[in-house]
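Undergrad: The sequence and its predicted three-dimensional model are supplied below.
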Amino acid sequence: MGGFQVHRGRIAIFAEDHVDTDRIIPARFLSMVTRSGYGELLFHDVRGEGFPLDAPEARGATVLVVGTNFGCGSSREHAVWAIQQAGFVAVIARRDPDSPGFSDIFRQNAANCGLLLIDLGPEDHARLLAQGQGAEVEIDLPAQAVRCAGREAPFDIAPATKDALIQGLDLIGTTLLLEDKIAAFEARHRP
């Protein structure tokens, strides 16, 4: 996968709070034996007439803007894969004083799979929502900033996650950076 530096794209807004992974991708689709084909299943059971991501302004969007505590519920990498395969490179959530932007397990799955998650405080998040479906946004990962309509909102990210995203590494790619050391260890410890 390519490294993430600065991304310019349009936003799609699904600003509901406490969206669990079963709504992101229903459990009955988790039995597929490939890692592809999940994009069209994103929010499968809630899509239809009036669903925000089906609005004409949201078509082709690459940044998903959600509410708070996104990705709660059971752990499933498939939810991350569905978001990525639907064309999204980043998800921006609202971080409240009493609720995280993302559940911990979803955050870890996203980091492992190379999906950028951004938490914004309520004011910055509200300003982004006010721009509406299809608004242009710029995400500058090295500077840790989201820019939209002449405003800039800073965000925090774990240094290891930031480094992996900039280098374009998922969990396997990060492990492969240590391939020589792993081979040397295995050579020293053969039975």
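TA: Great, that's in hand. Keep in mind it's a predicted model, so treat the numbers as computed, not measured.

Undergrad: quick check: mean pLDDT across stretch 7-22?
TA: Averaging pLDDT along stretch 7-22 gives 96.

Undergrad: Flag every buried residue along that stretch.
TA: Applying a neighbour-count criterion of 16 or more other CB atoms under 10 Å, one finds 9-15, 19, 21-22 buried in stretch 7-22. For every residue, glycine as well, the C-beta is placed using N, CA and C.

Undergrad: Check stretch 134-145 too.
TA: For stretch 134-145, by 16+ other CB under 10 Å, it's 134-135, 137, 139-141.

Undergrad: a markdown table for those, including distance to residue 92, secondary structure and pLDDT?
TA: Shown next, in a markdown table, are those (distance: CB to CB, whole Å; DSSP: H, G, I helix; E, B strand; the rest coil; pLDDT from 0 to 100):
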| residue | distance to residue 92 | secondary structure | pLDDT |
| --- | --- | --- | --- |
| 134 | 15 | coil | 95 |
| 135 | 12 | coil | 96 |
| 137 | 8 | strand | 97 |
| 139 | 8 | strand | 98 |
| 140 | 13 | strand | 97 |
| 141 | 13 | coil | 97 |
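
Undergrad: Quickly name whichever of those is closest to residue 101.
TA: Taking CB to CB as the measure, residue 139 is the one of these closest to residue 101, at 14.7 Å.
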